[in-house]
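Peer 1: Sequence plus the predicted model coming up.
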Amino acid sequence: MLEPQPAELLARARGDLRVGLPVAIGDWLMASVETIRPERLAAMRAAGPLVMGVSGRRAATLKARAYDGDIARIAVPEGADAAWLRAVADPADDLRMPMKGPLSTLRNGDADPWRRGVALAKTAQLLPAVIGVAAAPPPGITVLPADLPLEPPPDEVAAARVPLAVHRAGRVHVFREGLAGEEHYAIEIGRVDRAAPVLVRLHSACFTGDVLGSLKCDCGPQLHAAMAAMAGAGGGMLLYLNQEGRGIGLANKMRAYDLQDQGFDTVEANHRLGFEDDERDFRIGAALLRRMGIGSVRLMTNNPRKLQMMEGQGIAVAERVPLHVGLTPENAAYLDVKRRKSGHLE
Ligand SMILES: Nc1nc2c(ncn2[C@@H]2O[C@H](COP(=O)(O)OP(=O)(O)OP(=O)(O)O)[C@@H](O)[C@H]2O)c(=O)[nH]1
Ligand SMILES: [Zn+2]
């Protein structure tokens, strides 16, 4: 078995999009609008009429009809250049240059390759927009398999003792998700008694909050309060999930922050970019707990989705422990939107 297997092809396709290379999906060659270079765009245009795929969310902002529901296929006009494509994909200048259309969207043909193309761009943490042409793949181009494999369960790569300020007994476990996927960390604090429900926090990476002490969110204070509570209780398990920006990556989160400075709230900003409110898959958290031998938790969260996911994945939630810390004048509106729009609990 020397040929690349489906899971490997998927990982390679994700990398290709980031590099600016097209990948073959169904009968189409598709590249990322964000990373494609002008020469390659010209070569694609020479191969036939161009079509652009965006998410239904982005289509709604563009007032383009999304005949395919969660996806829209936009016919690219003849003279449209890279700047035009970028403006359709990237909301940064929506308010300054509101008129991009009218955009004509396709309704016939198979939308599924486009759905997969946009999903692939999301997992590559790029703007969720792809440009494509109906063409056979030239040699060397990655062909995305029709049936995507189930990602293998997360694998523990390494673990070591790390004494922590909150508790001398700390242990950091590094897990790798799928092939070339994200790394996530499980941090054992104190002595974790698996015979009783374990105090657990699923924390999503927030570079700005965790590291820089940003006042725009409550992540840093939540992280530190959770660690302190675990130390105080004698033991607990912190899962640090690399799901920056609710899964859209730091570049896209900064794009969202820029939109927030233009007056959109955290949910609207994600939508304008073409993302859902929350692109995280919390199942990875349950998988890590299982790997750590934990089946019952006292979960520190205000997010009902985390609770539902745990129960759905067979981890018993013995108790929800609310986590309200770090309120600042700068994040009051953000926390209010989480309560009103995302159903966050008091
Ligand atoms: N896209 C986007 N992500 C944000 C924004 N503010 C914070 N984040 C990200 O949101 C995530 C915060 O996640 P959590 O701390 O798990 O918070 P939560 O989902 O509200 O749930 P609990 O804190 O458990 O109640 C981190 O990945 C942050 O990077 C924002 O305005 N936009
Ligand atoms: Zn944050």
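Peer 2: That came through fine. Ligands and ions are numbered 1, 2, ... in the order given.

Peer 1: Contacts only, for the closest residue to R283 other than its chain neighbours.
Peer 2: Using C-beta to C-beta, 6 or more residues apart in numbering and skipping residues adjacent in sequence, the residue nearest R283 is Q313, 5.8 Å away. Every residue, glycine included, has its C-beta placed from N, CA and C. By C-beta atoms under 8 Å, 6 or more residues apart in numbering, the residues touching Q313 are R283, A286, A287.

Peer 1: Compare those residues and tell me which has the most neighbours.
Peer 2: Neighbour count (other C-beta atoms under 10 Å) singles out A286 as the most crowded of these, with 21 neighbours.

Peer 1: before we move on, back to that, output the contacts of Q313 as a markdown table; include the columns secondary structure and pLDDT.
Peer 2: Converted to a markdown table, those look like this (DSSP: H, G, I helix; E, B strand; the rest coil; pLDDT from 0 to 100):
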| residue | secondary structure | pLDDT |
| --- | --- | --- |
| R283 | helix | 93 |
| A286 | helix | 96 |
| A287 | helix | 95 |
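
Peer 1: for those, which one is nearest V325?
Peer 2: Distances from V325 to the contacts of Q313, taken as C-beta to C-beta, are shortest for A286 (24.6 Å).

Peer 1: so who does the residue nearest to the spatial centre of the chain touch?
Peer 2: For the chain, the residue nearest the mean C-alpha position is G247 (2.3 Å; C-alpha atoms, centre = their mean). By C-beta under 8 Å, 6+ apart, the residues touching G247 are S204, D278, E279, R280, D281.

Peer 1: Could you check the pLDDT of the nearest residue to the third one once chain neighbours are set aside?
Peer 2: Using C-beta to C-beta, 6+ apart and skipping residues adjacent in sequence, the residue nearest E279 is G247, 3.5 Å away. Confidence at G247, expressed as pLDDT, is 96.

Peer 1: hang on, the earlier thing: need the contacts of G247 in a markdown table with pLDDT, can you?
Peer 2: Shown next, in a markdown table, are these (pLDDT from 0 to 100):
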| residue | pLDDT |
| --- | --- |
| S204 | 97 |
| D278 | 95 |
| E279 | 96 |
| R280 | 95 |
| D281 | 92 |
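
Peer 1: tell me which residues of stretch 234-249 are tucked away?
Peer 2: Within stretch 234-249, the residues scored as buried using 16 or more other C-beta atoms under 10 Å are 235-241, 243-249.

Peer 1: returning to that earlier point: who wins on neighbours among the contacts of G247?
Peer 2: Counting neighbours by other C-beta under 10 Å, the top entry in the contacts of G247 is S204, with 24 neighbours.

Peer 1: which phi and psi does that residue have?
Peer 2: When read as degrees, to the nearest 10, the backbone of S204 gives phi -90, psi 140.

Peer 1: Next, the contact list for it, please.
Peer 2: C219, L241, Q243, E244, R246, G247, R280.

Peer 1: ok, which of those also contact ligand 2?
Peer 2: By C-beta under 5 Å from the ion, the members of the contacts of S204 lying near ligand 2 are C219.
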